[in-house]
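1. below are the sequence and a predicted model; questions follow.
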Amino acid sequence: MVNSGNKVRLQKLVKEQLKTQIGRTPCNVIYCEGDKSINLNTGVASGDYVFKHTEADTMLISAYAKLRTENYTEAVVLDSEDTDVYVQAAYVSQQLIGDLLIKRKHELINCRTMLSPDVADIIIPLHVITGSDHTSGFYGHGKKPVLEKAITAPAARELLRRVGETLELEDDVRADMKAFVLSNVYSESAESYMWTGQSFQSGTNSRRRVQSVSHLMMTRWITMWKGQTTSRIVRSIQPDRTSVPHRPWLDNREWEVSTSAT
């Protein structure tokens with residue numbers, strides 16, 4: 001699908017195939033393409049299902065929300081294997097009344113049963129932080145272990161509770177996101193940290209060392225590759241801001257990491 005011409009031809013093929021199904025089903029067939037939507041049964045434009053989104057997965061969820069606002073009560077099935085669709089469906093299914101199903105091979109999954117309501121409430125920020133279509137993940141750290149920690153640890157979920165509440169990222173939310181990465185991606189203790197505006201501080205009986213998130217990433221990489229022939233190469237490449245694109249909240253400003261005194 002790198003060639004845009006192939007995508008256009010595929011869209012035409014799908015549209016023509018849908019037209020052949022008209023008359024075989026009592027349902028209306030609505031075909032959406034970019035900012036245009038048409039009822040294939042009547043050939044009339046259907047403005048109710050025009051969504052100004054560039055991503056098809058977002059349009060799917062928007063169409064589902066539209067159906068529910070029109071008091072459609074029957075089950076709705078999404079046919080997609082995209083991870084972003086699964087994540088959005090897990091969240092939206094807890095917010096709207098009605099059954100939202102997703103087709104996976106030869107079975108249908110009720111999206112409301114994929115996660116508990118508490119975990120579904122933070123699944124979108126967790127997905128974005130650990131890597132999505134538009135954000136890079138953390139090298140050597142998969143999405144599944146982080147999700148498992150969030151499922152079992154209420155403290156981990158609480159760190160992501162306010163992410164996305166406002167368009168502008170607030171300092172305390174930024175701090176919670178950093179603490180989440182430390183404790184749930186890099187397994188650094190962050191439970192006793194307090195946000196003071198420019199640094200994390202812990203209580204008494206502790207010592208502090210100053211390091212950046214980049215330095216923490218570098219030390220983890222060295223540990224992972226220690227003893228291997230490529231470790232010498234890894235040591236020579238220190239992570240910097242270019243190593244963590246799309247994460248303005250995870251920059252190289254120095255901040256204090258408190259550790260228990262030995």
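-> In hand now; what should we look at? Numbers count the residues shown, from 1 in each chain.
2. can you give me the end-to-end distance of stretch 118-129?
-> 18 Å (CA to CA, to the nearest Å).
3. go through that stretch and flag the buried ones.
-> 119-129 (16 or more other CB atoms under 10 Å). (C-beta placed from N, C-alpha, C; glycine too.)
4. list the residues that contact Val146.
-> 126, 130, 184-185 (CB atoms under 8 Å, 6 or more residues apart in numbering).
5. could you count how many residues lie near Cys111?
-> Cys111: 24 surrounding residues under other CB atoms under 10 Å.
6. next up, the contacts around it.
-> For Cys111, the contacting residues are 86, 89-90, 92-93, 100-102, by CB under 8 Å, 6+ apart.
7. out of the residues you listed, list just those in strands.
-> Secondary structure from DSSP state E places 100-102 of the contacts of Cys111 in strands.
8. helices of the protein, start to end?
-> Applying DSSP state H to the chain gives helices spanning 4-21, 56-69, 83-95, 117-120, 123-130, 143-152, 154-159, 171-180, 213-225, 231-235.
9. what's the distance between the spatially closest residue to Val50 that is not a sequence neighbour and Leu67?
-> Using CB to CB, 6 or more residues apart in numbering and skipping residues adjacent in sequence, the residue nearest Val50 is Ser37, 4.8 Å away. Ser37 sits 13 Å away from Leu67, going by CB to CB, to the nearest Å.
10. try Ser183
-> On the measure of CB to CB, Ser183 and Leu67 end up 39 Å apart.
11. ditto for Lys144
-> In this view, Lys144 and Leu67 are 32 Å apart by CB to CB.
12. which one of these two is surrounded by more residues?
-> Shown here are Lys144 and Leu67; by other CB under 10 Å, Leu67 has more neighbours (18 against 9).
13. the more buried one contacts Val77, doesn't it?
-> No. With contact defined as CB atoms under 8 Å, Leu67 does not count as touching Val77 (11.6 Å).
14. quick one on the thing from earlier: and of the contacts of Cys111, the nearest to Ile30?
-> Leu100 (17.5 Å; CB to CB).
15. residue contacts, the closest one?
-> Per CB under 8 Å, 6+ apart, neighbours of Leu100: 64, 75-76, 78, 89, 92-93, 110-112.
16. in TSV, list these along with pLDDT and distance to Arg24.
-> Below are the contacts of Leu100 laid out as TSV (pLDDT from 0 to 100; distance: CB to CB, whole Å):
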residue	pLDDT	distance to Arg24
Tyr64	90	24
Ala75	92	20
Val76	92	20
Leu78	91	21
Ala89	94	27
Val92	95	30
Ser93	94	29
Asn110	95	27
Cys111	95	28
Arg112	94	31
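17. just give me the closest of those residues to Asn41.
-> So of the contacts of Leu100, ranked by how close each gets to Asn41 (CB to CB), first place is Val76, at 18.7 Å.
18. okay, and the beta partners of that closest one?
-> Residues in a beta bridge with Val76, per DSSP bridges, are Leu100.
19. now tell me which helix or strand of this structure has the poorest mean pLDDT.
-> strand 255-260 (a mean of 36; mean pLDDT, DSSP states H and E).
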